[in-house]
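Take this sequence and fold it.
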Amino acid sequence: MAAQNQQSESTELLNALESSAISQNPHVWSEAQQLEHQQQHEHPGMAEDYDSREPHRVPSSVSEWARPAYQPVPDIAGQPMTTQKYDPSSTSSEVPPEPSKEQQPAQHLPEGERYWGGGWGAEIVCVVFSILCVVAIIIILSRVDGQLLSSWTIAVSPNAVVAVLSTAAKAAMILPVTESISQLKWLFLKRRALGPEHLQQFDNASRGPWGALKLLWHARKSPFPTYIGCLVTIAAIAVDPFTQQILSFEQKSTQMPGVHSSTNRSQVYDNGDLGVTGVGAVVGPTRDGLLQAAAIAGVYDLVSPPPFICPGSNCTYPDFTSLGVCSKCSDVTARTTKSCEDNPGGFRVQQCNFTMPGGFKPEAYATSDAHNGFRYTHLNVSVNATQVPPTQLITLGMIRFAMDDGGGNTHWQDTVTAYECGYEVCAKEYSGWRSINGTVRTGTVRESRLNLTGIGPLVPFTTLEKGFPGNTTFEINFLDIQAMTGALMTIFYTKSGSTDSNSFMAGLYNSPDIVRTVDNIATGMSYRMLSGPNTTAVTGEVFAVQTYMRTHWAWLSLTAVLEVLTCLFLIIVIVATNRARQHAWKSSLAPLLYEDATIDK
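Now for the predicted structure:
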């Protein structure tokens, strides 16, 4: 009865205090407290529930703040404190706080965080996934090595695919490495191989290369596995740059199947009756005007390229033999004699006759009059067009003098240079010719003289050189031989007994190399004969510059080595954890937060 009376008095005193507080501070009293107070008046039974709650006390130290709210605080004797009812008349300073809604029931460490239950499963999966990514990279690189870039039909470039797989492999590789480094701190902490001050260094090492580098420096006496994890973390920085070097693209010329280059060869040169039948027919250069144009272009070093057709960027042509025009020319100045006469008559003040070793006797004159002043022959040619033998077109002797300085030089004849030249029909072998980017690259040309083997409208010839490659028999219409002779006469004919010359003589006179100019004329005519009548096609190969993919396996070695080290590192840590019979806490902070979260099993 005494206890019940005491409880009743306490309840009345509490109600009186609450009523006084409400009257003095109506705004401070919260709506929730007013509601609770009203419920207590309406339901007196709740007072007993309130009085039966355990009292709370203010923590007396920082360590008690760190303890979970649901843990019972032991007393000095080591026994849990017993609950006591709140006594309003007590003078104790321990005032129970208002009940907090955030207080939860006691929580225990999840049973899944154990050795194989969930500790290393994610790391093992990551290692397997990383290895599969590297295997995929190897398969892709082995298949594209040496292949055309055009054979890659996927929209994403091969470099991008390799980069994605490499990034995925590195990301999956780093996870088990960082977790294993974190696990090492629990292993070494138990063995006392490292002090508690090194825990933060291990955490930093698991977060990136800089922390790993610092751990290597500050914990130089750490066990060997620490170095493996730190080195893998640091070396992983170079994985991406190394990956970019694995695949390169090379351009090289490749033969294009089904496409052919082409040119022509002339085994028979016959313009038929062109220029010899019909009204006003004449035998002359009109049989093949392009042949005459090619000869004239050679005087000015404007030889048109041969008809080599290339449908690609690079073409080759097989060796072939065709009809052509050959030339020969030599400087005979030292073997040429002269005989000069002063005042031979008329306006001539001097006349010189030259005799060459080939029997040519060109003449040169010097004149002087009131209108033209002093003049002399600059160039003169003596031509023989007898066509004996039939393959020969013309032979000529040429003399050339230095330019007049306008001072009436009486020693002009001493500056003479003499040449003996000739043209004839011949066989030419073209070998090693190419066409690159639309430009014909000259190969070698081998010449062979022809031998007459019969008589007829089509004059048959055979090559004189034994072992001459390709076809060795040729035919030329006799009228075409005459037309070619006429085309050459148009260039080299000069008026006898005059200081004047035809318009083409200016090109010969101004030529820095007479021998080369004479050869250009023959070359231009030969190229034209490749496109003349009765030609046959010669096909070659077409090459195109294409891009190939090339794999440099050495750059993949870093990724492969890191994969091996990662597997080794993970195995070492797992085995060490198992032997030490410890939980795989890794980067978890559970041992520092839960009292039942022990390092050991």
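
hey, C-alpha coordinates of stretch 475-493 in PDB?
Taking C-alpha atoms only, stretch 475-493 is exported to PDB below (Å, rounded to 0.1, in the frame of the first residue of the first chain):
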ATOM      1  CA  GLU A 475      55.500  -6.100-141.200                       C
ATOM      2  CA  ILE A 476      55.300  -2.500-142.400                       C
ATOM      3  CA  ASN A 477      53.500  -1.100-145.400                       C
ATOM      4  CA  PHE A 478      56.100   0.300-147.700                       C
ATOM      5  CA  LEU A 479      54.000   3.400-148.100                       C
ATOM      6  CA  ASP A 480      54.100   4.000-144.400                       C
ATOM      7  CA  ILE A 481      57.900   3.800-144.500                       C
ATOM      8  CA  GLN A 482      57.800   6.600-147.100                       C
ATOM      9  CA  ALA A 483      55.400   8.600-144.900                       C
ATOM     10  CA  MET A 484      57.800   8.300-142.000                       C
ATOM     11  CA  THR A 485      60.600   9.500-144.100                       C
ATOM     12  CA  GLY A 486      58.600  12.500-145.200                       C
ATOM     13  CA  ALA A 487      57.800  13.400-141.600                       C
ATOM     14  CA  LEU A 488      61.500  13.500-140.800                       C
ATOM     15  CA  MET A 489      62.300  15.500-143.900                       C
ATOM     16  CA  THR A 490      59.800  18.100-142.800                       C
ATOM     17  CA  ILE A 491      62.000  18.700-139.800                       C
ATOM     18  CA  PHE A 492      65.500  18.500-141.100                       C
ATOM     19  CA  TYR A 493      65.300  19.800-144.700                       C
END
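
In it, which of the residues would be classed as buried?
475-489, 491-493 (16 or more other Cβ atoms under 10 Å). Where C-beta positions appear, they are placed from N, C-alpha and C, glycine not excepted.

among those, which are in helices?
Counting by DSSP state H, the members of the buried residues of stretch 475-493 that fall within helices are 478-489, 491-492.

Report the contact partners of the residue lying closest to Asn159 once chain neighbours are set aside.
Leaving aside its chain neighbours, Asn159 sits nearest to Leu247 (5.6 Å; criterion: Cβ to Cβ, 6 or more residues apart in numbering). Residues in contact with Leu247 (Cβ atoms under 8 Å, 6 or more residues apart in numbering) are Leu141, Val144, Pro158, Asn159, Val162, Met549, Arg550, Thr551, His552.

Determine the longest helix present in this protein.
Max-length helix for the chain by DSSP H is helix 158-191.

Name the next helix or strand downstream of it, please.
Of the helices and strands lying after helix 158-191 in sequence (DSSP states H and E), the nearest is helix 199-205.

If I take the next helix-or-strand element following that next one and helix 158-191, what angle do their directions form?
Note on helix 199-205: by DSSP H and E, the next helix or strand toward the C-terminus is helix 209-218. Orientation check (axes from the mean of the first three to the mean of the last three Cα atoms, to 10 degrees): helix 209-218 against helix 158-191 gives 40 degrees.

circling back to that earlier point, give the rounded mean pLDDT of the longest helix of the chain.
Helix 158-191 shows a mean pLDDT of 87.

So which elements touch it?
Counting contacts by 3 or more Cβ pairs under 8 Å, 6 or more residues apart in numbering; DSSP states H and E, helix 158-191 is packed against helix 121-144, helix 199-205, helix 224-235, helix 239-244, strand 247-265, helix 557-579.

helices and strands around the fourth one, which ones?
Using 3+ Cβ pairs under 8 Å, 6+ apart as the contact test, the elements touching helix 239-244 are helix 158-191, helix 557-579.

For the residue lying closest to Met403 once chain neighbours are set aside, give me phi and psi.
Using Cβ to Cβ, 6+ apart and skipping residues adjacent in sequence, the residue nearest Met403 is His378, 7.3 Å away. Dihedral angles of His378 (phi, psi; degrees, to the nearest 10) stand at phi -90, psi -40.

how close does His378 get to Tyr365?
11 Å (Cβ to Cβ, to the nearest Å).

Would you agree Cys421 falls within a strand?
Yes - assignment of Cys421 by DSSP: H, G, I helix; E, B strand; the rest coil places it within a strand.

For the residue nearest to it when sequence neighbours are not counted, which three-state class applies?
Leaving aside its sequence neighbours, Cys421 sits nearest to Cys329 (Cβ to Cβ, 6+ apart; 3.8 Å). Three-state assignment for Cys329 (three-state DSSP): strand.

Go ahead and confirm Cys329 touches Val518.
Yes - between Cys329 and Val518 there is a contact at 4.4 Å, judged by Cβ atoms under 8 Å.

which residues are common contacts for the two?
Listed contacts common to Cys329 and Val518 are Tyr419, Cys421; contacts here mean Cβ under 8 Å, 6+ apart.

who has more neighbours, those two?
Comparing Cys329 with Val518 by other Cβ atoms under 10 Å, the one with more neighbours is Val518, at 25 against 20.

List the residues that contact the more buried one.
Residues near Val518 by Cβ under 8 Å, 6+ apart: Ser327, Cys329, Tyr419, Cys421.

List the contacts of the second one.
To tie it back to what came earlier, the one meant is Cys329. Tyr419, Glu420, Cys421, Gly422, Ile514, Val515, Val518, Asp519.
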